[in-house]
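1. fold the following.
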Amino acid sequence: MIWSVGFLAKTSLQKNKNDSNVGPLYFASNRGLTLFEVLAAFVVIAIIMGVSLAFFSQSKKSYQLYAHSAQLSAAVRTAQSFAISNQSIGIVESQPSRNEFKIWGWQTVGQWHLENLTAIGAFNQEAKISGGTLIQGKIGQGIALRRGRILLPTPRNVFPSGFSVEFYFLTEFFQNMDLIIHPQGKIGLRLKPDATLEGYCFDHTVQAKLRPKTWHHFQFFYDGDALVLKVDQILQSQKKISISLPQISFVLGSLDLPVTGLIDEIIIRSLTEIQQIEIPQELKLLGKPQRIYFDFRGRLSRQHHSAPAVILLNQPQKQETIQLNIGLFGDIRQEILPSIKTE
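-> Take a look at the predicted model:
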């Protein structure tokens, strides 16, 4: 049976070979390729590969731009989330000259509710109170100081970039008091007999006026860009400065100028770098150096922003730019601008 099938196939093949209708096609398929045909094939392959590599190269550049734009967008959301979760400020810093992008946030390093005289606060840190009694405070219990002091055991070297001190205070009369003082006297918050509250950091000062017999919320801080004094969440004074901070620990009340008044809810924060992004040389941050501030609700801080913020990331070779738009209410979106040129 197998021999019969093989014989029939061989006979059919010989018959087709002798058939004048299929003979030319059959013999053409069995001849070798000419040198011209081989070279033409290589030329076609080279052209296809060249186009493919160029397309891949351009796609890679575009992908790099979009990938870093997504990374910057995620970093902006990190600053926003940090501000909300810590109920403080999140800062986005763009430095086009260095092609750097940084995220900063206020990290709590000390907090005391002052619900009792032992004053053990966050992170099991105990504030040492002298000359104080327990009274009804602004929120729950508080401490009444009569020519007293409170030593705040915050860790040293946690303020490489900025510090923030805030608390509630009430006094019936004004006199010279060191409400906050750095042991070396370089940083402090001082109350004066004329109802002036003065914050100082080295030779720089900020001031506000107070009312007696009223609970006030004080916030005194340096955010790496400005020295700021707020009273009852309202900006009173700020000054642009650039300084290197010393080792810091704080005391409420000095030996020479102790405090007489009511104190409650002390919080100390350190400005901490959360994330740093270095942009590749093939890409470029555009515009002027800027800081974008998110408040505790995740919105742009009205103290620093009256209009939406913009960050531009450019691919010079393709003259393609991605614009990050940050709205006043914290919404973030991307927009492609294909024709922006760099200097």
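2. against T133, how distant is L255?
-> Counting by Cβ to Cβ, to the nearest Å, the separation of L255 from T133 is 20 Å. Any C-beta I mention is one placed from the backbone N, CA and C, and that applies to glycine too.
3. compare those two (neighbour count), which wins?
-> A direct count of neighbours by other Cβ atoms under 10 Å for L255 and T133 places T133 higher, at 12 against 9.
4. tell me the contacts of the nearest residue to that one once chain neighbours are set aside?
-> Leaving aside its sequence neighbours, T133 sits nearest to A144 (Cβ to Cβ, 6 or more residues apart in numbering; 5.0 Å). Contact analysis of A144 by Cβ atoms under 8 Å, 6 or more residues apart in numbering lists G132, T133, L134, I135, G261, L262, I263.
5. secondary structure element for A144?
-> strand 141-152 (DSSP states H and E).
6. the helix or strand following that strand pairs with which strands?
-> On the C-terminal side of strand 141-152, the closest following helix or strand by DSSP H and E is strand 163-170. Counting by DSSP bridges, the strands paired with strand 163-170 are strand 216-222 (antiparallel), strand 259-278 (antiparallel).
7. off-centre distance for the shortest one?
-> The offset between the C-alpha centroid of strand 216-222 and the centroid of the whole chain comes to 22 Å, using Cα atoms, centre = their mean, to the nearest Å.
8. I'd like the next helix or strand past that strand.
-> Using DSSP H and E, the helix or strand that follows strand 216-222 towards the C-terminus is strand 226-231.
9. now the next helix or strand after that next one: buried residues?
-> Helices and strands here follow DSSP H and E; after strand 226-231, the next one along the chain is strand 234-240. In terms of neighbour count (16 or more other Cβ atoms under 10 Å), strand 234-240 has its buried residues at Q236, S237, Q238.
10. gap between the two ends of stretch 107-117?
-> 25 Å (Cα to Cα, to the nearest Å).
11. got a list of what P258 touches?
-> P258 makes contact with G131, L145, R147, G148, R149, M177, D178, according to Cβ under 8 Å, 6+ apart.
12. return the most buried member of the strands paired with strand 163-170.
-> Comparing the strands paired with strand 163-170 by mean neighbour count (mean count of other Cβ atoms under 10 Å), strand 216-222 ranks first with a mean of 22.
13. can you give me the strands in the stretch 51-200 of the chain?
-> Using DSSP state E, counting those that start in this stretch, the strands of the stretch 51-200 of the chain run over 90-95, 100-112, 128-136, 141-152, 163-170, 177-181, 187-191, 196-201.
14. mean pLDDT added to those strands, as CSV?
-> Shown next, in CSV, are the strands of the stretch 51-200 of the chain (pLDDT from 0 to 100):
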stretch, mean pLDDT
strand 90-95, 92
strand 100-112, 90
strand 128-136, 95
strand 141-152, 95
strand 163-170, 95
strand 177-181, 95
strand 187-191, 95
strand 196-201, 96
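15. now the helices for the stretch 1-150 of the chain?
-> Secondary structure of the stretch 1-150 of the chain (DSSP state H, counting those that start in this stretch): helices at 2-18, 23-29, 35-86.
16. where does pLDDT dip in the stretch 151-300 of the chain?
-> Within the stretch 151-300 of the chain, the ranges that satisfy pLDDT under 70 run 155-157.
17. is D295 in contact with I89, as I believe?
-> Yes - counting by Cβ atoms under 8 Å, I89 is a contact partner of D295 at 6.6 Å.
18. shared neighbours of the two, which are they?
-> Between them, D295 and I89 share these contacting residues under Cβ under 8 Å, 6+ apart: A83, S301.
19. who's more crowded, the two?
-> Taking other Cβ under 10 Å, D295 and I89 do not tie; I89 has more neighbours (23 against 20).
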